[in-house]
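Novice: got a sequence here, can you build the structure:
(2 chains)
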Amino acid sequence: EPEVTQTPSHQVTQMGQEVILRCVPISNHLYFYWYRQILGQKVEFLVSFYNNEISEKSEIFDDQFSVERPDGSNFTLKIRSTKLEDSAMYFCASSLGGTGRLSGGYTFGSGTRLTVV
Amino acid sequence: DQQVKQNSPSLSVQEGRISILNCDYTNSMFDYFLWYKKYPAEGPTFLISISSIKDKNEDGRFTVFLNKSAKHLSLHIVPSQPGDSAVYFCAASAQIGSTGANNLFFGTGTRLTVIP
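Specialist: Model (predicted):
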């Protein structure tokens, strides 16, 4: 079964450093997403991406965050200057249809645990 | 802003019995609802969904019920199996934006434990 792949599985970084989280979505999917889950809290939407541009972003997704699809397969999330409160599990997801309705929902990767120290 | 709420953080059920997980929402614009299952160290896995034009959707042992007037949905698992033990997230979406890509609003999850 096709899956969304995320690397690394765990990233430790010092406060103020830049991090890049990588994702390989399912190959024929057109919509890409980043979500995050702070420990013990709900999964929160960060950003959606379609046709090489951001479709929608939440208030969490401020100027410190950026996304890119540098080639035909990767989808990255960059945090320019990490803060302690950025520590969370970051999930990449992709879907064939925009809302996931046609595909029965998004397919999530297994996540990257980001720890900012 | 808790637009999607799962008020029960945990639920324990005996194997073979019915598990009922509940979810409430506040945004009347939501028109599509999903349940995800999550194991530790894995991403959420899609389980079942329902459109707001329906009040019930069934898939094997899983049934989702939607009560739009009460802004309430529930997931029934019957019979429950030990392998069902996981965290279950309710999620909702609304059709907004021109591209069709829109986000999911998740609840905080309910940890289901099925006791053998």
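
Novice: list the contacts for residue 16?
Specialist: All of this refers to chain A. For A:Gly16, the contacting residues are A:Ser81, A:Thr82, by Cβ atoms under 8 Å, 6 or more residues apart in numbering or on different chains. Every C-beta, even on glycine, is put in place using the N, C-alpha and C of the backbone.

Novice: right idea, wrong chain: chain B
Specialist: By Cβ under 8 Å, 6+ apart, the contact set of B:Gly16 is B:Pro79, B:Ser80.

Novice: one more: the one 10 residues further on?
Specialist: Neighbouring residues of B:Thr26 by Cβ under 8 Å, 6+ apart: B:Gln2, B:Gln3, B:Val4, B:Lys5, B:Lys71.

Novice: got it, and B:Leu104?
Specialist: B:Leu104 neighbours (Cβ under 8 Å, 6+ apart): A:Tyr35, A:Val43, A:Phe45, A:Gly100, A:Tyr106, B:Leu34, B:Ala91, B:Ala92, B:Ser93.

Novice: for B:Val13, same thing?
Specialist: B:Ser19, B:Ser80, B:Leu112, B:Thr113, B:Val114, B:Ile115.

Novice: surely the second one and B:Ile20 touch.
Specialist: No. Checked against Cβ atoms under 8 Å, the pair B:Ser80 and B:Ile20 is beyond contact range at 9.9 Å.

Novice: in terms of neighbours, single out the busier of those two.
Specialist: Neighbour comparison, B:Ser80 and B:Ile20: the larger count goes to B:Ser80, with 23 against 17 (by other Cβ atoms under 10 Å in any protein chain shown).

Novice: narrow the contacts of B:Val13 to those in helices?
Specialist: The helices, defined by DSSP state H, take in nothing from the contacts of B:Val13.

Novice: out of those, which end up buried?
Specialist: The neighbour count (16 or more other Cβ atoms under 10 Å in any protein chain shown) marks B:Ser19, B:Ser80, B:Leu112, B:Val114 as buried among those.

Novice: which members of those residues are the farthest-apart pair?
Specialist: The most widely separated members of the buried ones among the contacts of B:Val13, counting by Cβ to Cβ, are B:Ser80 and B:Leu112 (7.8 Å).

Novice: what do those two both touch?
Specialist: Counting by Cβ under 8 Å, 6+ apart, the shared contacts of B:Ser80 and B:Leu112 are B:Val13, B:Ser19.

Novice: which residues does A:Val43 bridge with?
Specialist: Counting by DSSP bridges, A:Val43 forms beta bridges with A:Gln37.
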